[in-house]
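[1] with the sequence up front, the predicted model follows.
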Amino acid sequence: MPNRRRFRKVMMPPPMEGFKPFGVPMRELEPVILLYEEFEALRLADYENLTHKEAAEKMNISRPTFTRLYDKARKTIAKAFVESKAIFIQGGTYITDDYWYRCFNCHETMISIKPARRCRKCNSGNIIRLNHSPRETQ
């Protein structure tokens, strides 16, 4: 019997919604999906230079699970590069300690310890919540 699926802890949202190949119109691109927890695995291992064991502890998952996430993220990015696909960063099985928002007017990504109604950069009310609290996902 498999273990229950744990929520992977993600500390910060990506500052963008994704990437696309230079010089190719978006309408001509097929996207690949990079999950939030896969982005976090890349951030911890490659950007923060943590070992897989250290990164797994930060994400509250086992080391083998972290390695599977990391490998899947690398393969997704390689596929996008080799096949000229767009990368959308979205979704997954994750939890956060904060509220994440993105403003549609100025494209600011905000992290807040309590719910927000307006963008703190441009004061627009045109914001969307990017994540759910642990209580909302259970």
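    Arrived safely. Numbers count the residues shown, from 1 in each chain.
[2] I figured L35 hits Y70, correct?
    No: at 11.8 Å, L35 does not count as touching Y70 under the criterion of C-beta atoms under 8 Å. For glycine as for every other residue, the C-beta is placed from the backbone atoms N, C-alpha and C.
[3] measure N126 to R118 for me?
    Going from N126 to R118 by C-beta to C-beta, to the nearest Å gives 9 Å.
[4] likewise R68?
    39 Å.
[5] before we move on, what about Q90?
    Relative to R118, Q90 is positioned 23 Å away (C-beta to C-beta).
[6] where in this protein is pLDDT low?
    Along the chain, segments meeting pLDDT under 70 span 1-3, 5, 132-138.
[7] just the helices in the protein please.
    Along the chain, counting by DSSP state H, helices occupy 36-42, 52-59, 63-83, 134-137.
[8] looking at the ones you listed, which is nearest to G23?
    Shortest distance between G23 and those, using C-beta to C-beta, is found for helix 63-83: 14.2 Å.
[9] show me which residues of the closest one are buried.
    For helix 63-83, burial by neighbour count (16 or more other C-beta atoms under 10 Å) applies to T65, F66, T67, L69, Y70, A73, T76, I77, A80.
[10] report the contact partners of the second one.
    F66 makes contact with A41, H52, A55, A56, M59, according to C-beta atoms under 8 Å, 6 or more residues apart in numbering.
[11] closest to S84 out of the residues you listed?
    A41 (23.8 Å).
[12] and that closest one, how many residues sit next to it?
    Applying other C-beta atoms under 10 Å, we find 29 residues neighbouring A41.
[13] domain-wise, how is this structure divided?
    Domain segmentation of the chain under automatic domain parsing yields 1-95, 97-138.
[14] in space, what's closest to the residue nearest in space to the middle of the chain - neighbours in sequence excluded?
    Most central in the chain under C-alpha atoms, centre = their mean is Y36, positioned 2.4 Å from the mean C-alpha point. Counting by C-beta to C-beta, 6 or more residues apart in numbering, Y36 lies nearest to G92, which is 4.5 Å off, once chain neighbours are set aside.
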